[in-house]
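J.: attaching a predicted model along with its sequence, questions to come.
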Amino acid sequence: MAKNLNGEKKLVSNVEFSGYMLMTFFVSNLVNVIGNSTRQKYLANLGIDGETVALINTICNVISLVLPFFFAMIVDRAPKPGKSKFIPLVTLTAVPTAVFSVLMFYTPARLLESDVPFVLMITYQCVVTVLFNSAVFFANTYEKIAMVISPNHAERDSVLSYRAICSAVGSAAPLLWIMLLGLLKKPGLLKGDNAVYLATSVFCAVLGAAAMLLSARVVKERVPYSSKPVNPLKGYADVLKNPYALLLLLSEFLKNFRSISSYMSPFIAAVLLGDSTKYLVLGLPTALGTMTGMLVVKTLLKKMTSKTIYMCSGVYSIAANIAAFGVGMRFLRNPGNMGLQVVFIALLYLIGLQFGASNLLPQMFKADILEDLEMKTHKRLEASLDFVTSMGSSVSGLVANALGPIFLFGASALNFIHYVQPVNHIEQPQTERTKILILLLYTMGQGVFMLLCNVPLLFYKLTGARKRQVHNEVLAYRAQLETQSVTAQTRV
């Protein structure tokens, strides 16, 4: 681990920066090839009905909500003197994450036979999903390297910004790989959508694991860690007592209810474009807008605080989604109007701009909160803070993903959309009411919850002079910690 504690000097070399961005891109490929809508489509193609998919989602999400409580204690352990905290975990979990990502799109043929109890199919899907989510938890510690790659705030925030951009590009790239590999269906090289999903997952798994193993050799952590053992439960208590962490927790809880909009992606494609696989056409403009939004945020940070930008993005989000809903309504009533279709897709790009803010800025809030915690407790609690703040998004995401298929189809009284599922992979006609409700959830679901998540941050005060004061005190503590470490090594 590098020991330069200078809070002003730039420390990240071009080789290190490039290596970290390369890892970010390909790990995002690996993790996000299993997009929520893609996974749901895969399960539907296996003949699993909507209510069973909802059951699988609920079981896996509940388990994956509990396990990180224990995983975070492992990550926030006290490392050995002079050793890195996150890089070893990235190296150890590279191959397991790749293997489980492939298994997410592989189901043994025996489980598909009629004489096999259906509960075995459900069990298999749940076990593979939980194992994948567990591996991803540790693999995703690569994200936290950006918070400790430099003690220089400007350099740290720059790396966080570019990491978010590379992550957005990497997260969207599987949509392109699916589209390109889908071309192999026509000559018969790949048979069906599920074969395309499997081929894409293998491609992303190989590149993702290789990038993690190679890039981990050049990336450095430049924050000294205390090697004194700590009670991991006390770490959680420290986070829960921090007012800024609680505000971010509540904000993330409200924000992630927008997952209901993401769930609607293949269904809005079926409604607007006549084919659920064309959700790529709608997803790519939003992804491009997200990348652009991050660049805009990076520029605005030179003149505005992160809090101000985040608040403005909430207002912008509701306005952009209202416009998209209005244009989408007109297109539903005039399906042959290509001009309206182009305008709708352009609005999806504009909607993506606010994702740039909502994806990037909470990471900067976390980096600042970590310094506040370090100043008050003399502990680095990256994983504990992540777990606490993500509890909100996990719970709301769990609810949204569980309700998605129930709202769409099935015998439940909560099915108010009444979507007619495909028959033999052929899309069925939908009522105008069904189309409008799907469009409403796809657009306004994002806008409303993005606006609401700003409310808790009205009380967030870790900005300006307060933020600078915390940073200076943390630098002084780190210098003292490094001096003690050097003295101890000299005595040995």
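T.: Thanks, I have it. Residues are numbered from 1 along each chain as shown.
J.: number of nearby residues for residue 469?
T.: Under the neighbour criterion other C-beta atoms under 10 Å, residue 469 is assigned a count of 11. C-betas here are computed from N, CA, C, even on glycine.
J.: low pLDDT regions in the stretch 1-150 of the chain?
T.: 1-8, 35-37, 40 (pLDDT under 70).
J.: what segments of it are strands?
T.: For the stretch 1-150 of the chain, no strands turn up when DSSP state E, counting those that start in this stretch is the criterion.
J.: likewise for the stretch 201-350 of the chain?
T.: Going by DSSP E, counting those that start in this stretch, the stretch 201-350 of the chain shows no strands.
J.: okay, now the unreliable bits of it?
T.: Looking at the stretch 201-350 of the chain by pLDDT under 70, you get 277.
J.: please, where are all the helices along it?
T.: Using DSSP state H, counting those that start in this stretch, the helices of the stretch 201-350 of the chain run over residues 232-240, 243-255, 259-263, 265-273, 279-300, 306-333, 338-377.
J.: mind listing residues that contact the second one?
T.: When you say that, I think you mean helix 243-255. With contact meaning C-beta atoms under 8 Å, 6 or more residues apart in numbering, helix 243-255 is reached by 239-240, 358, 362, 365-366, 368-369, 372-373, 385, 388-393, 395-396, 449-450, 452-457, 459-462.
J.: selecting buried members of those in PyMOL, what would you type?
T.: Applied in PyMOL, the following selects the buried portion of the contacts of helix 243-255 according to 16 or more other C-beta atoms under 10 Å:
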select buried, resi 239+358+362+365+366+368+369+372+373+385+388+389+390+391+392+393+395+396+449+450+452+453+454+456+457+460+462
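J.: got the buried residues for stretch 79-89?
T.: Result for stretch 79-89 [16+ other C-beta under 10 Å]: buried residues 79, 84, 85, 86, 87, 89.
J.: so can I have TSV of these showing distance to residue 213?
T.: Output for the buried residues of stretch 79-89, formatted as TSV (distance: C-beta to C-beta, whole Å):
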residue	distance to residue 213
79	20
84	15
85	18
86	14
87	11
89	13
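J.: and of these, the nearest to residue 33?
T.: Residue 33 lies nearest to residue 89 out of the buried residues of stretch 79-89, by C-beta to C-beta, at 21.0 Å.
J.: tell me the spacing between the closest one and residue 145.
T.: For residue 89, the distance to residue 145 (C-beta to C-beta, to the nearest Å) stands at 10 Å.
J.: again, but for residue 215
T.: Taking C-beta to C-beta, one finds residue 215 at 10 Å from residue 145.
J.: shared neighbours, those two?
T.: With C-beta under 8 Å, 6+ apart, residue 215 and residue 145 have common neighbours residue 20.
J.: burial count for residue 61?
T.: 21.
J.: looks like it contacts residue 396 (just checking).
T.: No - counting by C-beta atoms under 8 Å, residue 61 does not reach residue 396; the two are 10.9 Å apart.
J.: just the helices in the stretch 1-150 of the chain please.
T.: Counting by DSSP H, counting those that start in this stretch, the stretch 1-150 of the chain has helices at residues 14-32, 36-45, 50-75, 87-103, 118-139, 145-148.
J.: what's in contact with the shortest one?
T.: Which is helix 145-148. So helix 145-148 is contacted by 20, 85-87, 90, 156, 159-160, 163, 219, 221-223, 363, 366-367, 370, 380, 382 (C-beta under 8 Å, 6+ apart).
J.: let's see that with 6 Å instead.
T.: For helix 145-148, contacts defined as C-beta atoms under 6 Å, 6 or more residues apart in numbering pick out 86, 159, 160, 163, 219, 221, 223, 367.
J.: do the fourth one as well
T.: Judged by C-beta under 6 Å, 6+ apart, the contacts made with helix 87-103 from elsewhere in the structure are 30, 128, 131-132, 135-136, 138-139, 141-142, 201-202, 205, 208-209, 212-213, 216.
J.: those, buried ones only, as a PyMOL selection?
T.: Selection of buried members from those for PyMOL, criterion 16+ other C-beta under 10 Å:
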select buried, resi 30+128+131+132+135+136+138+139+141+142+201+202+205+208+209+212+216
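J.: buried ones in stretch 67-79, by neighbour count?
T.: Applying 16+ other C-beta under 10 Å to stretch 67-79 flags 68, 71, 72, 73, 75, 76, 78, 79 as buried.
J.: what's the answer for stretch 237-256, then?
T.: Quick answer for stretch 237-256 (16+ other C-beta under 10 Å): 238-239, 242, 244-256.
J.: and the one helix or strand residue 478 maps to, what other elements does it pack with?
T.: Applying DSSP states H and E as the criterion places residue 478 in helix 464-491. Using 3 or more C-beta pairs under 6 Å, 6 or more residues apart in numbering; DSSP states H and E, the elements in contact with helix 464-491 are helix 338-377.
J.: and the helix or strand just after the helix it packs on, how far out from the chain's middle?
T.: Where DSSP H and E defines the elements, the next helix or strand beyond helix 338-377 is helix 382-408. Distance, stretch centre to chain centre, for helix 382-408: 11 Å (C-alpha atoms, centre = their mean, to the nearest Å).
J.: what angle sits between helix 382-408 and helix 265-273?
T.: 40 degrees (axes from the mean of the first three to the mean of the last three C-alpha atoms, to 10 degrees).
J.: following helix 382-408, which helix or strand comes up?
T.: Past helix 382-408, the next helix or strand by DSSP H and E is helix 432-452.
J.: buried ones in that following helix?
T.: 434-452.
J.: check contacts around the residue nearest to residue 454 when sequence neighbours are not counted.
T.: Among residues not flanking residue 454 along the chain, residue 314 sits closest, at 3.9 Å (C-beta to C-beta, 6 or more residues apart in numbering). With contacts defined as C-beta under 6 Å, 6+ apart, residue 314 is in contact with 450, 451, 454.
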